[in-house]
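**Q** pasted the sequence and its predicted model underneath.
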Amino acid sequence: MHTGSCLCGAVSFKVQGSIPKASSCHCTKCRKATGHYEAGVDVKKSAVTISGEANLTWYFSSENVRRGFCSTCGSPMFFDPPAADWIGLMLGAFDGPTDTRIAEHIFVGSKGDYYEICDGAPQYNTVPGQP
């Protein structure tokens with residue numbers, strides 16, 4: 001089991017099972033939502049338990065996706081397409097080792113000009129497998 005929380009601890013989560021390979025999204029929305037680029041993992045919703053939901057605020061950043069953050073400290077935590085069976089968890093919210101690595105970078109054409117991607121993971125201008 002893996003656990004995570006926001007900065008103040010008002011919102012937390014537990015994940016049953018192993019953590020899959022991670023991805024980093026460099027799109028403008030993810031950069032604005034996190035203050036840099038987003039690094040996260042997508043897990044089955046059935047494997048995640050969220051606590052402190054009274055302190056969790058959801059913001060629809062598009063018609064199909066909402067982002068969850070702590071309404072007390074503002075920590076970004078979740079990327080949730082409500083119609084999907086998975087939810088994205090921000091890697092920085094995990095409490096301990098995740099035993100995962102960044103496997104790919106997406107929307108690199110929108111990345112900020114103040115950093116370079118140097119980890120050797122594949123880079124894509126979209127999400128692989130989507131137009």
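**A** Happy to help now that I have it.
**Q** so what's residue 46 closest to, chain neighbours aside?
**A** residue 85 (7.5 Å; Cβ to Cβ, 6 or more residues apart in numbering). Yep, even glycine has a C-beta here, placed from its N, CA and C like the rest.
**Q** name the nearest residue to residue 107, ignoring sequence neighbours.
**A** What sits nearest to residue 107 in space, not counting adjacent residues and going by Cβ to Cβ, 6+ apart, is residue 27, at 3.8 Å.
**Q** now do the strands in the chain.
**A** According to DSSP state E, the chain carries its strands in the segments 2-5, 12-15, 22-25, 38-44, 48-51, 56-60, 66-70, 76-80, 86-90, 102-106.
**Q** what does the second one contact?
**A** Spelled out, it's strand 12-15. By Cβ atoms under 8 Å, 6 or more residues apart in numbering, the surrounding residues in contact with strand 12-15 are 1-6, 43, 47-52, 77, 89, 93.
**Q** let me see the contact set for the residue nearest to residue 46.
**A** The contact partners of residue 85, by Cβ under 8 Å, 6+ apart, come to 44, 45, 46.
**Q** ok so, going back, from residue 100, how far off is the residue nearest to residue 107?
**A** Here the distance between residue 27 and residue 100 works out to 21 Å (Cβ to Cβ, to the nearest Å).
**Q** can you check residue 107 too?
**A** Relative to residue 100, and taking Cβ to Cβ, residue 107 is found at 20 Å.
**Q** could you do residue 89 as well?
**A** Remark: distance between residue 89 and residue 100 (Cβ to Cβ) = 11 Å.
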